[in-house]
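>>> fold the following for me, if possible:
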Amino acid sequence: MTDVLTPNAPAATTTATGTARVEVRTGGVWAAVCAVDHLVPGRGVAALLPDGGQIALFLDRTGTVHAIGNRDPFTGAYVLSRGLLGSVDGAPFVASPLLKQRFDLASGHCLDDDTVTVPAYATRVR
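All right, here's what the predicted structure looks like:
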């Protein structure tokens, strides 16, 4: 069964409390990417990493922050931050706004093609 905006908190995420900054672990270090206040529950936002790469950040309605690569591997477009959030059996995903493939927000694995993944990043709020 597919639910909309009812994800559990997976291991690669963190719960936001109060006004703070979202940090993403990349290249073995934590990098601040935005203020939690800039995230809207149920919506994504694109952010740049220090190396110039793009990530898609999501704040779900439980206050959990998720981060995956923003590039849709099926089209090459940097659009996953514009996707729709949902969950399957409690596991949160984002559906690409273009071809609608779903990507698990904890692992980055495509739920519609086992051979495809996007990077998934650990997050924390400080």
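
>>> give the contact list for residue 110.
73, 101-104, 116-118 (Cβ atoms under 8 Å, 6 or more residues apart in numbering). To be clear about C-beta, it is placed using only N, CA and C from the backbone, and glycine gets the same treatment.

>>> need the contact list for the closest residue to residue 91 other than its chain neighbours.
Nearest non-adjacent residue to residue 91, counting by Cβ to Cβ, 6 or more residues apart in numbering: residue 104, 6.0 Å away. Shown in contact with residue 104 (Cβ under 8 Å, 6+ apart): 91-93, 110-111, 120.

>>> same thing with residue 20?
35-36, 125-126.

>>> quick revisit: would you write a ChimeraX line that selects the buried entries of the contacts of residue 110?
Buried residues within these, by 16 or more other Cβ atoms under 10 Å, are selected in ChimeraX with:
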select :73,101,102,103,104,117,118
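
>>> could you work out the most separated pair of the contacts of residue 110?
Maximum pairwise distance in those, criterion Cβ to Cβ, is 13.5 Å, between 73 and 104.

>>> could I get the average pLDDT for stretch 56-76?
Mean pLDDT, computed over stretch 56-76, is 95.

>>> show the end-to-end separation of that stretch, please.
14 Å (Cα to Cα, to the nearest Å).

>>> likewise stretch 30-48?
By Cα to Cα, one end of stretch 30-48 lies 13 Å from the other end.

>>> for stretch 117-124, buried residues please.
117-118, 120-121, 123-124.

>>> export that stretch as CSV, just CAs?
C-alpha atoms of stretch 117-124 as CSV (Å, rounded to 0.1, in the frame of the first residue of the first chain):
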residue,chain,number,x,y,z
THR,A,117,20.3,4.2,-7.4
VAL,A,118,21.0,7.9,-6.5
PRO,A,119,23.4,8.9,-3.8
ALA,A,120,21.9,9.1,-0.3
TYR,A,121,23.4,11.3,2.4
ALA,A,122,23.3,11.2,6.2
THR,A,123,21.9,14.3,7.7
ARG,A,124,21.9,16.1,11.0
